[in-house]
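Enquirer: sequence and predicted structure below; questions after.
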Amino acid sequence: MATYLLSVQYPAGRTQPAPEELEVIGKNVGAVRDEMVEAGVWVFGGGLAPAGSATVVEARGDDKLITDGPFAEGKELLGGLSVIDVPDLDAAIAWAEKQSRATTVPIEVRPFLG
């Protein structure tokens, strides 16, 4: 088995769906998670608060630098994640497709090292 990170990539500048759409998306995401649990591939996951709520901590010698806001500026923002344990990349991609359909946004698939 191999462990993969499936990260929800929320496109920058995209407007948040209306509450009724978010309710449907939430149900769909929950259904995919339940399917992963039932299939025995689910390790961990969850949605994230908006990027503006992030705090970045950087150790500098004996000191630390604390900065509010996300570390990286980019076109997409990390909206959530799932860690799954599956036989191979093809299986991870199949789950990512289901998540993309549920979330309505792209999902990045990345293997863990080791």
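Expert: The structure has been received and is ready for your questions.
Enquirer: which strands and helices sit next to the one helix or strand Val8 maps to?
Expert: Here Val8, judged by DSSP states H and E, is contained in strand 2-11. Packed against strand 2-11 by the contact rule (3 or more Cβ pairs under 8 Å, 6 or more residues apart in numbering; DSSP states H and E) you find strand 42-47, strand 76-86, helix 89-103, strand 107-111. Every C-beta, even on glycine, is put in place using the N, C-alpha and C of the backbone.
Enquirer: go ahead and name everything in contact with the shortest one.
Expert: Read it as strand 107-111. Contact with strand 107-111 is made by 2-9, 89, 92-93, 96-97, 99-100, as judged by Cβ atoms under 8 Å, 6 or more residues apart in numbering.
Enquirer: repeat that for 7 Å
Expert: Contact partners of strand 107-111, identified using Cβ atoms under 7 Å, 6 or more residues apart in numbering, comprise 2, 4-9, 92-93, 96, 99-100.
Enquirer: ok, those residues vs Trp42, which is closest?
Expert: Comparing the contacts of strand 107-111 against Trp42 with Cβ to Cβ places Leu6 closest, at 10.6 Å.
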